[in-house]
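In: here's my sequence, what's the structure:
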Amino acid sequence: MTGDLTDRTVVVAGAGGVGGRAVCKALTAAGAHVVAVGSRAESLTDVDAAETAVVDLADPAAVTAWAAGLRERRPSIDGLLHLVGGWRGGSAPDDFEWLERRVLTTLRVVSRELRDDLGASSAGRLAIVSSASVAQPKWGMANYVTLKSAAETWVQALASGWRTKGTPTAAVTFVVGALDEPGTVDNLAAACSAQWSVGHTELNGALVDLTEEI
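Out: Residues are numbered from 1 along each chain as shown. Predicted structure coming up:
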């Protein structure tokens, strides 16, 4: 039933960051079976989740193996929240490659792997976090805003696919300012857990500006 998170399986990628920890806590409090995923075991210490997993989300083979195990343990996969972070300013090639792996490649790999699972859920939800700076790109953060924009486009493509298939699934982008701004993390956590209270037709493809709520 839409709105009820009880025992729904929700994967939080990038769970070890400040945003990921807050989102895991909110989802767990709402009754979800949270799967906290990170690239380092130490980053997942004390994360509020039903289970944790250390996975290189940029490695398709590793993601496929992890997802196969998750499918064996859980009756459905109902959510993927991609909160994998990373920041480097400027336009240097090395910085672009570093950001691309974190911001875009991890999203592409894990969402492709779980796309059919989310589409088969009675209320599948996928969300990413983007930046308000995408709407006002500056040269000093050219790499970052380019890749965030690409991630937003990928989510729109997922939304279009689910819309065409008519599944009760939604892909959404949450737009925030800096996570260290007062209220940002709390707003993000609340918005992530509230997705299952909103109908998929209203939510699918939405660009939700959380900066307006602070």
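
In: excluding covalently adjacent residues, which one is nearest to W139?
Out: What sits nearest to W139 in space, not counting adjacent residues and going by C-beta to C-beta, 6 or more residues apart in numbering, is S91, at 6.7 Å. Using the backbone N, CA and C atoms, a C-beta is placed for each residue, glycine as well.

In: the one you found looks like it's in a strand, true?
Out: No - S91 is assigned coil when assessed by DSSP: H, G, I helix; E, B strand; the rest coil, not a strand.

In: quick one, phi psi at it?
Out: Backbone torsions for S91, taken as degrees, to the nearest 10, come to phi -130, psi 10.

In: residues near it, how many?
Out: Other residues near S91 come to 13 when the count uses other C-beta atoms under 10 Å.

In: is it in contact with K138, as I believe?
Out: No - S91 is beyond contact range of K138, at 10.6 Å (criterion: C-beta atoms under 8 Å).

In: remind me which residues of this protein are low pLDDT?
Out: Within the chain, the stretches with pLDDT under 70 are 1-2, 180, 182, 213-214.

In: center of the chain - which residue?
Out: In the chain, the C-alpha closest to the average C-alpha coordinate belongs to H82, at a distance of 1.9 Å (C-alpha atoms, centre = their mean).

In: OK, contacts around that one?
Out: Residues in contact with H82, defined by C-beta atoms under 8 Å, 6 or more residues apart in numbering, are 13-14, 106-107, 110-111, 126-129.

In: repeat that for 10 Å
Out: When contacts are counted by C-beta atoms under 10 Å, 6 or more residues apart in numbering, H82 touches 11-14, 20, 37, 57, 103, 106-108, 110-111, 126-129, 151, 154-155.

In: ok so, going back, overlap in contacts, S91 and K138.
Out: Y144.

In: and the helices in the chain?
Out: Using DSSP state H, the helices of the chain run over residues 18-29, 60-73, 93-99, 106-120, 142-165, 184-194, 200-203.

In: got JSON lines for these, with mean neighbour count too?
Out: Converted to JSON lines, the helices of the chain look like this (neighbours: other C-beta atoms under 10 Å):
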{"stretch": "helix 18-29", "mean neighbour count": "22"}
{"stretch": "helix 60-73", "mean neighbour count": "14"}
{"stretch": "helix 93-99", "mean neighbour count": "14"}
{"stretch": "helix 106-120", "mean neighbour count": "20"}
{"stretch": "helix 142-165", "mean neighbour count": "18"}
{"stretch": "helix 184-194", "mean neighbour count": "19"}
{"stretch": "helix 200-203", "mean neighbour count": "16"}
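
In: understood, closing this out.
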